[in-house]
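A.B. asks: A predicted structure for the sequence below; I have some questions about it.
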Amino acid sequence: MTYQEKKSIVSLITVILIFGFYCLYMYPQHPEEGLGSSETFRYWGSFVLKLTLVSIVVHILISIIFNIVYRITTREKEPAFADELDKLIALKAYRNSFFVFIIGFLLAMGSIVFYQPSQAMFIILIISGFLSDVTGSVSKIYHYRRGV
C-alpha cells in the first residue's frame, strides 16, 4: 500500500470519527425552543463554526502524527513531490468532493424554497460537507487502487 493510500485511509477514518464524536458532543446542547428562535440560529451557527475549527485542528494534528508514525515504521520520508498521477488523482477527488457539496448546497437552498424549517437547511449543509469530505477521501483511495 502506498503512502498516499495510507494517508487517504487515515483521513477517511479521521473525518468519520471527528464528525461522529462532534455530533454526539453537540446533540445534548440542542435548544428545545421553537424552530425560528434566535437561539436555534445561534446553535447551528456555532455548530458549523466549531466543527470547522475542530476539524482543521484535528486534521493537522493527525497529519503530523501520521507522518511521524509512517517515518518510524517504514524508515521512509514523506514523498517530497507529487507526480502527474498524484496531481490528477487529487484533482479528480476534489471534483467529486465539490460535486457532492454543491448538490447538498442546492438541496439545502431548495429546502428553504419549499418552506422547510431552517434547521433542515443547516442539517443538509452539514451532512453535505461531511459527505463531500468522505467522497474526496474515497475517491483518492479508489483512484490509487484502480488507476485514473
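C.D. replies: Arrived safely.

A.B. asks: dump the residue contacts of Leu85.
C.D. replies: Leu85 makes contact with Val148 under the criterion CB atoms under 8 Å, 6 or more residues apart in numbering. Where you see a C-beta, it was placed from the backbone N, CA and C, and this is true even at glycine.

A.B. asks: helix or strand for it, which one?
C.D. replies: helix 84-113 (DSSP states H and E).

A.B. asks: try Phe19
C.D. replies: Applying DSSP H and E, one finds Phe19 within helix 3-26.

A.B. asks: average pLDDT across that helix?
C.D. replies: The pLDDT scores in helix 3-26 average 90.

A.B. asks: Number of residues surrounding the residue nearest to Leu12 when sequence neighbours are not counted?
C.D. replies: Using CB to CB, 6 or more residues apart in numbering and skipping the chain neighbours, the partner closest in space to Leu12 is Ser137 (3.9 Å). Using other CB atoms under 10 Å, Ser137 has 21 neighbouring residues.

A.B. asks: And Gln29, by the same measure?
C.D. replies: Gln29 has 9 nearby residues by other CB under 10 Å.

A.B. asks: which residues touch it?
C.D. replies: Gln29 makes contacts with Tyr43, as judged by CB under 8 Å, 6+ apart.

A.B. asks: how near is it to Arg75?
C.D. replies: Distance, Gln29 to Arg75, using CB to CB, to the nearest Å: 45 Å.

A.B. asks: ditto for Val69
C.D. replies: 12 Å.

A.B. asks: More neighbours: these two, which one.
C.D. replies: Val69 (12 against 7).

A.B. asks: Mind checking what secondary structure the residue positioned nearest the centre of the chain has?
C.D. replies: In the chain, the residue lying closest to the centroid (CA atoms, centre = their mean) is Asp133, at 3.2 Å. Using DSSP: H, G, I helix; E, B strand; the rest coil, the structure places Asp133 in helix.
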